[in-house]
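Asks: Here's a sequence, model it:
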Amino acid sequence: MAEEFLFTSEVKILDNRLKLNKVVRELQHSRNGVTVKTEDGCVYEADYVILSASIGVLQSDLISFRPALPRWKTEAIEKCDVMVYTKIFLKFPYKFWPCGPGKEFFIYAHERRGYYTFWQHMENAYPGSNILVVTLTNDESKRVESQSDEETLKEAMVVLRDMFGTEVPNATDILVPRWWKNRFQRCSYSNYPMISNNQVINDIKAPIGRIFFTGEHTSERFNGYVHGGYLAGIDTGETVVEEIRRDERQKDKQNQNFLLEPLLALTLTQADAVSSLHKCDVPTQLYLSSKLGIPEAIL
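Replies: Got it, this is the predicted structure:
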């Protein structure tokens, strides 16, 4: 796909228009365009901006807007819940859990709700991987993200030995994603409360001037899913293209008016000018007749 839009050579992207590892901190917008300011002091000018930051980032202070977003926009953003969903992967030297039909998942009961509750082995998908996955959500996710991997590993091993016995071997590796702590994510996905309606989603994805918002949180049908973000991106791209075309048509119309005004003034009698103006649409007639001093030309 990159080859369709960027300069490439032997699969490598050589186009200097693609900027990587740039942290956007401020968007200054006006009727004429958007100024993008990054954390390292770079400034970029754009006619339009598509902003695909997550709903969690929009709720944070990572990106500031000048002028500030209108109240109806910020209220809609705040109404959307952010979900934190953490899958912790643990690798072991050998398999000690039961496998086979109906034995892919197992549950751990604890007095604290959500404490290393939902477990799954990966043998069906990746035979011989010796990997277990435990899923945490929301408050437990945030708690675990705030502590070290070593602390999390100790807690998980206590749970596993409580379920399978003291002979369970130590895990050889652990992977703890940190969607909540990552300032470029600040959540796993969006979740609209049951009391919200389509107006909330419409307000969140509504453009502000030349800034267009997209992402899974702007998808009415598939928010919270990867394909929701993909489809929303396509829709937003098409919307921006149509806006660019509309802007170009408006500029062409203004250029035609600019050229027609001196032509009428220099080459036509007033009667001829009136006749020619009748062929234009009403807004053009209003504009040109005021310039030429022939109000009787107005329909």
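Asks: The stretch 101-250 of the chain: strands as residue ranges?
Replies: Remark: strands assigned in the stretch 101-250 of the chain by DSSP state E, counting those that start in this stretch are 105-107, 118-121, 131-137, 173-175, 189-191, 211-213.
Asks: now those as JSON lines including distance to Val226 and mean neighbour count?
Replies: (C-beta placed from N, C-alpha, C; glycine too.) Shown next, in JSON lines, are those (distance: least, C-beta to C-beta, whole Å; neighbours: other C-beta atoms under 10 Å):
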{"stretch": "strand 105-107", "distance to Val226": "22", "mean neighbour count": "11"}
{"stretch": "strand 118-121", "distance to Val226": "19", "mean neighbour count": "18"}
{"stretch": "strand 131-137", "distance to Val226": "17", "mean neighbour count": "19"}
{"stretch": "strand 173-175", "distance to Val226": "19", "mean neighbour count": "13"}
{"stretch": "strand 189-191", "distance to Val226": "9", "mean neighbour count": "21"}
{"stretch": "strand 211-213", "distance to Val226": "18", "mean neighbour count": "20"}
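Asks: residues in contact with the residue nearest the centre of the chain?
Replies: The chain has Ser52 as the residue nearest its centroid, 2.5 Å off, counting by C-alpha atoms, centre = their mean. By C-beta atoms under 8 Å, 6 or more residues apart in numbering, the contact set of Ser52 is 213-215, 229, 233.
Asks: So which of those are in helices?
Replies: Applying DSSP state H to these, the entries found in helices are 229, 233.
Asks: Checking Phe65 next. Helix, strand or coil?
Replies: strand (DSSP: H, G, I helix; E, B strand; the rest coil).
Asks: Where does the closest residue to it other than its chain neighbours sit, in terms of helix or strand?
Replies: Excluding its sequence neighbours, the residue lying closest to Phe65 (C-beta to C-beta, 6 or more residues apart in numbering) is Leu27, at 5.4 Å. Per DSSP states H and E: Leu27 is located in strand 24-30.
Asks: quick one: contacts of that strand?
Replies: Contacts of strand 24-30 (C-beta under 8 Å, 6+ apart): 34-39, 49, 51, 62-67, 208-211.
Asks: which residues in the stretch 101-250 of the chain form helices?
Replies: Along the stretch 101-250 of the chain, counting by DSSP state H, counting those that start in this stretch, helices occupy 138-145, 149-164, 198-205, 226-267.
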